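J.: Fold the following and give me the result.
(one chain, ligands or ions: 1)
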Amino acid sequence: MAAQPESGDRREFLRVCVVGGALAVGAGLGAWSLSRPAAAPGAEVAPVPLAPMLRAKALPLDEPVALDVALTRREGWRVRSTRRQVLVVRTGDETFKAFSPVCPHKGCGVQPNAKEKKFVCPCHDAQFDIAGELKSGPAPRGLDPLELTVAEHEGAPWLFVTWQEFVAGIPERTGRQA
Ligand code: FES
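T.: Numbering: from 1, shown residues only. Below is the predicted model:
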């Protein structure tokens, strides 16, 4: 038997079903997203692996270095990976200090100067010793310390760092959302 053309009533019924279904799905998603706790903007999923202990223990004693770290940031619904540097000094056999490379003056990238055993900001020449203390220049405070921990990673002990950002341009060390 040949297919009969759809009647006007049936077509209207199907249209109402499709539009109604779409509205219901949209409303459901909206309600779900409203009930879901909002992720802090730029919040870091930390601590993150910085270096295997074997490599960290081989760093020259009391010498400033910069180590790369992969950071994972949540931006709304997206998880984004970026690479940053962490300023590190090995202060003993298995003891280390880590600092944010973000200059506390205006946020430029502070660099290690291994030859002169200090950290230097290329923008306005703020200089910091290997303990992170401000030695000269316009920065209102010393380098901002980052927390280090040791944990198993890929079957070996690793140094982990907890990345944090701080408000620049003020003497107080105040954490901020990135
Ligand atoms: S931004 Fe570093 S000294 Fe100005």
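J.: only C-alpha atoms for contact and neighbour calcs from this point on.
T.: Fine.
J.: List the contacts of E63.
T.: Neighbouring residues of E63 by C-alpha atoms under 8 Å, 6 or more residues apart in numbering: V89, R90, A114, K117, K118, I130.
J.: rerun at 7 Å
T.: For E63, the contacting residues are V89, R90, A114, K117, by C-alpha atoms under 7 Å, 6 or more residues apart in numbering.
J.: neighbours around the last one, how many?
T.: So the one you mean is K117. Counted with other C-alpha atoms under 10 Å, residues neighbouring K117 total 16.
J.: so it makes contact with P64?
T.: Yes: contact between K117 and P64 holds when scored by C-alpha atoms under 7 Å: they sit 6.1 Å apart.
J.: list residues touching both of these two?
T.: Common contact partners of K117 and P64 (C-alpha under 7 Å, 6+ apart): I130.
J.: What residues does the chain have near the ligand?
T.: Selection of the chain residues close to the ligand by C-alpha under 6 Å from any ligand atom yields C103, H105, K106, G107, C108, C121, C123, H124, D125, A126, P138, A139.
J.: which of those tops the neighbour count?
T.: C103 (28 neighbours).
J.: Under the pLDDT cut-off, which ranges of the chain? List them.
T.: Across the chain, the ranges flagged by pLDDT under 70 are 1-45, 177-178.
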